[in-house]
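Colleague: compute the structure for the input listed below.
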Amino acid sequence: MADDLTINSGITIPGAELSVTASRAGGPGGQHVNTTSSRVTLQWNVEETVALNDTQRARVLERLANRISTEGVLTVHADTERSQHRNRQLARERLVELVREALVEQPRRIPSKVPAGAKRRRLENKRRRAQVKRDRRDPGDDQ
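Modeller: Got it, this is the predicted structure:
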């Protein structure tokens with residue numbers, strides 16, 4: 001369908017799952033902003049979508065937790081343009097970008113080992129520092 005939103009080659013959000021509402025945008029704009037509903041709010045229920053499998057859903061819910069409501073709805077606003085149509089396109093683009101970034105699998109970090117040379121230098125510096133402190137001691141303190 002034309003309303004479907006393609007995230008990547010394997011994921012498409014059905015248009016029926018997207019909810020679009022328009023409202024009056026704030027900010028400067030004079031008479032135009034006071035009379036037109038050009039701000040677009042796009043909502044998508046991540047918890048109930050059929051577009052994602054369980055692994056993908058968990059990843060999106062985890063990565064976008066600060067943007068998802070307690071009901072599991074991801075909300076995107078667009079109000080930068082004067083045209084409602086253009087703001088609708090921008091909101092859809094932002095949703096696609098958010099979900100794409102959330103679905104990217106982060107590579108596992110493999111902790112690196114401390115190089116043998118670094119260990120050797122650290123211990124040598126400790127020995128040298130201990131020797132300096134021993135040399136400063138009063139000879140009568142040996143007992």
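Colleague: strands along this structure, start to end?
Modeller: Assigned by DSSP state E, the chain shows strands spanning 5-8, 11-13, 18-23, 39-45, 73-78.
Colleague: list the neighbouring strands of the shortest one plus their orientation.
Modeller: The reference is to strand 11-13. Partners of strand 11-13 in the sheet, by DSSP bridges, are strand 5-8 (antiparallel).
Colleague: ok, residues contacting the strand it pairs with?
Modeller: Strand 5-8 is contacted from outside by 12, 13, 15, 18, 51, 92, 95, 96, 99, 100, 103, using Cβ atoms under 8 Å, 6 or more residues apart in numbering. C-beta here means a position set from N, CA and C on the backbone, and glycine is covered the same way.
Colleague: most neighbours of all those residues, which one?
Modeller: For the contacts of strand 5-8, neighbours were counted using other Cβ atoms under 10 Å, and residue 99 has the most, 24 neighbours in all.
Colleague: poorly predicted segments of this protein, please.
Modeller: Scanning the chain for pLDDT under 70 picks out the ranges 1-2, 27, 29, 141-143.
Colleague: 50 instead?
Modeller: For the chain, the stretches with pLDDT under 50 are 1.
Colleague: burial count for residue 78?
Modeller: 22.
Colleague: ok, it touching residue 40?
Modeller: Yes: using Cβ atoms under 8 Å, residue 78 is in contact with residue 40, at 4.9 Å.
Colleague: list residues touching both of these two?
Modeller: 87, 88, 90, 91.
Colleague: identify the farthest-apart pair in the residues you listed.
Modeller: Largest separation among these by Cβ to Cβ: 88 and 90, giving 7.3 Å.
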